[in-house]
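Trainee: no sequence for this one, just the structure:
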């Protein structure tokens, strides 16, 4: 009792690690821990990928391959890499172009044409940046950022609203009574 060490007296905590589980054959395996949510995810279309059709996404997108169709990422960013060849209408929050685009590009925030960019088509955005060396053929429409307006509030006053006026009677109004009283004083 007197010679026991403290380690022997206190119980050891149980370990929380479990043995590794081997994945089943044909079953997809994720390297991302379960329940993990990154602040922003990015999808990539590789250099040797060809897509003909529509792309809708709710994450950022990097394109290095070839796209023929439409691209819509209304709340996210599209980056078109140097090796990309895009023949599409592009709509996104932000668009950064390094490669070749044939088609109209629309951004709710900003379009950025980098030095190696080649764009043939119309662009529409709130902000536009074109670096030296970029090739652009088309028209530019700079849009104003719409800020939602609050509904007009009714004016509040500390005094209560006047009561409804009674129907007209034969009595004279206050200014007329004042003038009559002044005239009577003058006659005296």
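Mentor: Yes, it's here. The model shown is predicted, which means the values in this text are computed figures rather than measured ones.
Trainee: Residue 86: what's it in contact with?
Mentor: Listed by CB atoms under 8 Å, 6 or more residues apart in numbering, the contact set of residue 86 reads 63, 66-67, 71, 80, 99-103. In short, each C-beta sits where N, CA and C put it, glycine included.
Trainee: biggest strand in this structure by residues?
Mentor: Criterion DSSP state E: the longest strand present in the chain is strand 66-80.
Trainee: what helices or strands is it leaning on?
Mentor: strand 50-56, strand 60-63, strand 85-97 (3 or more CB pairs under 8 Å, 6 or more residues apart in numbering; DSSP states H and E).
Trainee: Name the residues that touch it?
Mentor: Contacting residues not belonging to strand 66-80 are listed as 45, 49-63, 84-99, 101, 108, 117 [CB under 8 Å, 6+ apart].
Trainee: Any of those buried? List them.
Mentor: Neighbour-count burial (16 or more other CB atoms under 10 Å) applied to the contacts of strand 66-80 gives 45, 51, 55, 57, 60-63, 84-86, 88-99, 101, 108, 117.
Trainee: what sits opposite residue 68 in the beta ladder?
Mentor: Per DSSP bridges, the residues bridged to residue 68 are residue 52, residue 87.
Trainee: same thing with residue 97?
Mentor: Under the criterion used (DSSP bridges), residue 97 bridges to residue 80, residue 113.
Trainee: how close does it get to residue 144?
Mentor: For residue 97, the distance to residue 144 equals 23 Å [CB to CB, to the nearest Å].
Trainee: re earlier: redo the helices and strands packed on strand 66-80 as TSV? Include distance to residue 128.
Mentor: Putting the helices and strands packed on strand 66-80 into TSV (distance: least, CB to CB, whole Å) gives the following:
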stretch	distance to residue 128
strand 50-56	23
strand 60-63	20
strand 85-97	10
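Trainee: With mean pLDDT and distance to residue 129 as added columns, please give the ones you listed in TSV.
Mentor: Shown next, in TSV, are the helices and strands packed on strand 66-80 (pLDDT from 0 to 100; distance: least, CB to CB, whole Å):
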stretch	mean pLDDT	distance to residue 129
strand 50-56	93	24
strand 60-63	94	18
strand 85-97	95	9
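Trainee: Would you map the helices across this structure?
Mentor: 6-9, 174-187 (DSSP state H).
Trainee: Please look at residue 141 and residue 121 and confirm they touch.
Mentor: No - counting by CB atoms under 8 Å, residue 141 sits too far from residue 121 to count as a contact (11.8 Å).
Trainee: Any idea how many residues pack against the spatially closest residue to residue 139 that is not a sequence neighbour?
Mentor: Once flanking residues are discounted, residue 139 sits nearest to residue 122: 4.8 Å by CB to CB, 6 or more residues apart in numbering. Counted with other CB atoms under 10 Å, the neighbours of residue 122 add up to 15.
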